[in-house]
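*Asks:* Okay, structure incoming, though there's no sequence with it:
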């Protein structure tokens, strides 16, 4: 009977991974579908820039940044109060149903 030889070769050589092909060219900016970048004109005056921005979004308030910060903080306070009122309401309702 012939002895079966099993190959018991242990190789500790590290596996070398081949670099994957890049899905895009890293030397160019990415292409974003539906987005067309426009170059900013340096000769645009403040009034022209203001009118363009106002036409794009007329509801953005233009004014004192201190007032804007105060309104933002007030909004955050109101949201926190709403969450606290909801939690208190749920807690009060659960306590009332046990009686």
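*Replies:* That came in fine, so what should we check first? If you're wondering where the values come from, they're calculated on a predicted model, not measured in any experiment.

*Asks:* ok, residue 93 - contacts?
*Replies:* Under the criterion of CB atoms under 8 Å, 6 or more residues apart in numbering, residue 93 has no neighbours. Every C-beta, even on glycine, is put in place using the N, C-alpha and C of the backbone.

*Asks:* where's it, which helix or strand?
*Replies:* Using DSSP states H and E, residue 93 sits within helix 65-98.

*Asks:* which residue packs closest to residue 24, ignoring adjacent ones?
*Replies:* With sequence-adjacent residues excluded and distances taken as CB to CB, 6 or more residues apart in numbering, residue 24 is closest to residue 30, at 6.6 Å.

*Asks:* Report the separation between the one you found and residue 91.
*Replies:* Computed with CB to CB, to the nearest Å, the distance linking residue 30 and residue 91 is 49 Å.

*Asks:* give me the number of residues near residue 68?
*Replies:* A count of nearby residues for residue 68, using other CB atoms under 10 Å, gives 13.

*Asks:* Residue 37 too?
*Replies:* Neighbour count of residue 37, defined by other CB under 10 Å: 7.

*Asks:* Over to it. Which of the three states is it?
*Replies:* Following DSSP: H, G, I helix; E, B strand; the rest coil, we place residue 37 in the coil state.

*Asks:* quick one: it from residue 30, how far?
*Replies:* From residue 37 across to residue 30, the span is 11 Å (CB to CB).

*Asks:* Likewise for residue 89?
*Replies:* 48 Å.

*Asks:* again with residue 74
*Replies:* The value you get for residue 74 to residue 30, if CB to CB is used, is 39 Å.
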